[in-house]
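> output the structure for:
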Amino acid sequence: MMEMGKTKSILLALFVGVYVIFCYLFGCPIMTISGLPCPTCGVTHALISILKLDFDAYMKYNPMAIPLVLAVVLAIYFKKFKHKRIIIAIILFIAIANLIIYLKRMI
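As a prediction, this is how the structure comes out:
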């Protein structure tokens, strides 16, 4: 039997994978419903652009894509880190930076 932590990680990875594919194929559901981009709009396209080494497109889609992925990974594996306050500070810094850039992009 799988341990509960592994089951949650697998389910989370499956959900994120399905969501990323959905967003790539159909666009952001928040943008579709509200007409406004969410703070993470463009992350999927930005990551695909960075894999293609198209840095201009990466910056156009969402320059916070890589830091946001880092924050999600840190949050998922938070319990495994020894210096939890540093991890929280990094996650908060990325979240605040993303909010600032999001507001700047909205103007």
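
> now do the SS call for the nearest residue to L99 once chain neighbours are set aside.
What sits nearest to L99 in space, not counting adjacent residues and going by C-beta to C-beta, 6 or more residues apart in numbering, is P39, at 6.5 Å. Placement of C-beta: from N, CA and C, glycine included. Three-state assignment for P39 (DSSP: H, G, I helix; E, B strand; the rest coil): coil.

> residues contacting P39?
N98, L99, Y102 (C-beta atoms under 8 Å, 6 or more residues apart in numbering).

> filter those down to the buried ones, ChimeraX style.
Per 16 or more other C-beta atoms under 10 Å, the buried members of the contacts of P39 correspond to this ChimeraX selection:
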select :98,102
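
> mind checking which of the contacts of P39 are in helices?
Using DSSP state H, the members of the contacts of P39 that fall within helices are N98, L99, Y102.

> any chance of those residues in JSON lines, plus pLDDT and distance to A57?
Formatted as JSON lines, those follow (pLDDT from 0 to 100; distance: C-beta to C-beta, whole Å):
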{"residue": "N98", "pLDDT": "94", "distance to A57": "19"}
{"residue": "L99", "pLDDT": "93", "distance to A57": "23"}
{"residue": "Y102", "pLDDT": "91", "distance to A57": "18"}
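
> appreciated, that's everything.
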